[in-house]
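Colleague: Take a look and give me a structure for this.
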Amino acid sequence: MKLVELIKEILKSDKSDWNDIPCWGFGSGPSYKDKFTFFEIFNGESNIIKSDSHSNILVYKNDISITIAYGLVSNEDYIEPWANQFQNPSASSYNIDIFYNNALVFRELYLTV
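Modeller: Residues are numbered from 1 along each chain as shown. Modelled structure (predicted):
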């Protein structure tokens, strides 16, 4: 499958075409889509590996080799005049990743304001 065909398939889909798996909160499990960061010093401790992960996984019911993961924090304190002009000026950026046969094939950044 070509990337453009994959994107078209996703764009023509409906919410009901996806199995939404939350990966945070009580009773849920890990997303297995993790990002590891090494810190020489973190919260006063030395040589720490911190793990962050996507908070949700979507599985395409018509072709389970197509998955989308979202919720991995990119920047908790996103600063841009247009993004910080609202009543609550905080903004954060996150990654949304598209996987095909568990291979990362597309990544985009999205913001919450």
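
Colleague: center of the protein - which residue?
Modeller: With distances taken as C-alpha atoms, centre = their mean, the residue of the chain nearest its centroid is residue 70 (2.3 Å).

Colleague: Which neighbouring elements make contact with the helix or strand where that one lies?
Modeller: Under the criterion of DSSP states H and E, residue 70 resides in strand 66-75. Contacts defined by 3 or more C-beta pairs under 8 Å, 6 or more residues apart in numbering; DSSP states H and E place strand 66-75 against helix 3-12, strand 45-53, strand 56-60, strand 92-100. All C-beta spots, glycine's among them, are computed from the backbone N, C-alpha and C.

Colleague: contacts for that strand?
Modeller: Residues outside strand 66-75 that contact it (C-beta atoms under 8 Å, 6 or more residues apart in numbering): 6, 9-10, 18, 23-24, 31, 33, 35, 52-60, 92-100, 102, 109-110.

Colleague: ok but residue 81 is inside a helix, no?
Modeller: No. Assignment of residue 81 by DSSP: H, G, I helix; E, B strand; the rest coil gives coil, placing it outside any helix.
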